[in-house]
Structure formats: C-alpha cells, structure tokens
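> I'd like to go over a predicted model; first the sequence, then the structure.
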Amino acid sequence: MGDHLIKATAFEGTIRAYAIQSTDTVEEARVRQDSWATASAALGRTITITAMMGAMLKGKDKLTIKLEGNGPTGPIIVDTNSQGEVRGYITNPHVDFDLNSNGKLDVARAVGTEGNLSVVKDLGLKEHFTGQVPIVSGEISEDFTYYFANSEQVPSAVGAGVLVNPDHSILAAGGFILQVLPGASEDTIGLMEDRIKSIPSISSLVRDGNSPEDILKKLLGEENIKIHESLPVKYSCHCSRERIERGIKSLGDEEINLMIKEDNGAEATCHFCNEQYVFSADDLHALKAD
C-alpha cells in the first residue's frame, strides 16, 4: 500500500492516535524543491506532521504551517486539508551538514533553535484560528509537541523521521501523533511513554516495512487499539494557469502594460511545485481586455 495515514483511538478512547507513511510524498517534495539531504529531512518531517494534523480537520477545512527558525533553510511552509493532500515549500533547499553527534541528520542546525512555529486553520469561518509558539529545539517533532501542549492544551507526543539515500532521494519517511484525552489513567500514560522511548526510530520502522498500523501497535499494544479510518496521502498542489491569470488581472491595466513594455510578457513559478507558467505579450493583452 502507498502513502497513507490512519486515525485510531486506544485504551477505551482515552488516547487519540495518528500514524503515517509518507515516503513517496516527501520524495515528491524533494524532487520539486530540489532539496539536499538535511533540508529534505526538515521539510519531510514538517510535511509528515502537517498531513496528520490535516486528518484532524473536517470537510473543506484547511491548515497552513509556517516554521520560521534562524537557521539557513529559512522559513518552511506546508499546507494541507482533510483529504490527505499536502504540499510544502522550503526557502533554501540547498542545505546539508555532516551528521550530528547522534549520527543523524542535523535538522536543528538547519532549521535553527530560535524562531516561531505558526499554525493557521481555515475552518470556513470569517476569522482564521492562529496559534503560535516559539521553537524549542529545531528538531521539529519536539516543536510540534510543544505547540499542542501550549496552544491547543492537548498533551501530545509527536514523532517524525526521514531517512535519505546517498543520492539525496528519500528512503523512508513516517510519523505519529499520540494525544492524551480526559480520562486517561497514569498507568496508560506511563505505558505509552515507555513504549515511545523503547521502540526504534519511526523512519527505520518504515524502512523495514512497518505500516502505520504496525507502528501504532508497537506504540500502544495491538489489543488496545481501535482503528477508525485509513486515508491516502499525496503531494498535491492546487496552482493552475487560471489562478495565475486571475492574479495578473487583479494587478490592473497599468501594471500589465508595464510587463508588456519591459518584458514583452510574464513568467510565474509556483513556490510549492515549481511549475512554470509563461504568458506572451498577446496573452497579457487578452487578459487586460478580459
């Protein structure tokens, strides 16, 4: 089965759980962004966690994450919806370092250890919900754990990992979110914490063929889990020529005339998918007339 996530509860509904395999999705992001290994790990972890957060939404709700640290990658922006569609952008994709002291990609150095993590939810209301917390480590999973506890007041454990091949392609990617709900016993919380500490890294579990279902069973125990839904996950960008045309028309005649005079046309590139849209002078005249 390809990339997908599962929604589940455990311990009689006192633990809410999500797990995801995101290898192909992160690989497509890497290809589109032309990212190097450490940058790919940073972007991939953010995409993986954001996709799971999208599964918490309903209907046509949308979610945008902005991770803005003081590291060389610059801001990372990822958005998603409740249908498992996700896309991501990293400002400087050409960042790579030697492995850190733990033998892992040095994501914290790439992202930075100071800055902010922002979450904007479009729930179809007049006002968007916005939550923001400071970056606590730059390791991303820890930063999202801090976000859930402080902005949404939901004690959570968040894990995401990305393994990168020597040629910079993605070998494995996946993650989990476990959330403690009212009624959870201290024994349940203790068991969950012990298992999180004892299992191998999530990316290595995915590499070795473990599905999101398998990951949750290792985290929570097979007998405790109730799986509610499985959702396919894919990299999906909603840019189009029509959207770019609407954007150009909104600039007004004076700006369009300037593009015709100075450049004899216009080009626009989507930051998320790097799709390029080219407009000739005749195209711009037609848009102005329209």
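Yep, that arrived.
> From now on I want contacts and neighbour counts done on CA atoms only, so please keep to that.
OK.
> Distance-wise, check the residue nearest the centre of the chain relative to V120.
Centroid-nearest residue in the chain, with Cα atoms, centre = their mean: I47, separated by 1.9 Å. According to Cα to Cα, to the nearest Å, I47 stands 15 Å off from V120.
> The residue nearest to the centre of the chain contacts V26, correct?
Yes. Using Cα atoms under 8 Å, I47 is in contact with V26, at 7.1 Å.
> Walk me through the domains of this protein.
For the chain, automatic domain parsing gives the domain ranges 4-235, 241-289.
> Mean pLDDT lowest where, among those domains?
Mean pLDDT is lowest for domain 241-289 out of the domains of the chain, coming in at a mean of 87.
> what about the closest residue to L105 other than its chain neighbours, neighbour count?
Nearest residue to L105, sequence neighbours excluded (Cα to Cα, 6 or more residues apart in numbering): L99, at 4.9 Å. By other Cα atoms under 10 Å, the residues close to L99 number 12.
> What residues does the residue nearest to L123 when sequence neighbours are not counted make contact with?
Of all residues not flanking L123 in the chain, D61 sits nearest, at 4.7 Å (Cα to Cα, 6+ apart). Counting by Cα atoms under 8 Å, 6 or more residues apart in numbering, D61 makes contact with N81, S82, K121, D122, L123, G124.
> Nearest to G13 among the residues you listed?
Using Cα to Cα, S82 comes nearest to G13 of the contacts of D61, at 21.4 Å.
> Give the full set of residues in contact with that closest one.
G54, A55, M56, L57, K58, G59, K60, D61, K62.
> Same question for S40.
V26, R30, P93, V164.
> so how far is L178 from the closest residue to the last one other than its chain neighbours?
Right, V164. Nearest non-adjacent residue to V164, counting by Cα to Cα, 6+ apart: I170, 4.6 Å away. The gap separating I170 from L178 is 25 Å, by Cα to Cα.
> Which of the residues in stretch 201-208 are classified as buried?
Within stretch 201-208, the residues scored as buried using 16 or more other Cα atoms under 10 Å are S201, I202, S203, S204, L205, V206, R207.
> contacting residues around it?
Here stretch 201-208 has contacts from Q21, G159, A160, G161, V162, L163, L171, A172, A173, G174, G175, I215, using Cα under 8 Å, 6+ apart.
> just to revisit the earlier point, for the buried residues of stretch 201-208, which one is nearest I260?
For the buried residues of stretch 201-208, the nearest to I260 is S203 (49.9 Å; Cα to Cα).
> measure the closest one to G161 for me?
S203 is 5 Å from G161, by Cα to Cα.
> Between these two, which contacts overlap?
Common neighbours of S203 and G161 (Cα under 8 Å, 6+ apart) are A173, G174, G175.
> From the residues you listed, pick the one nearest H285.
A173 (46.4 Å).
> if I look at that closest one, how far off is T113?
Taking Cα to Cα, one finds A173 at 23 Å from T113.
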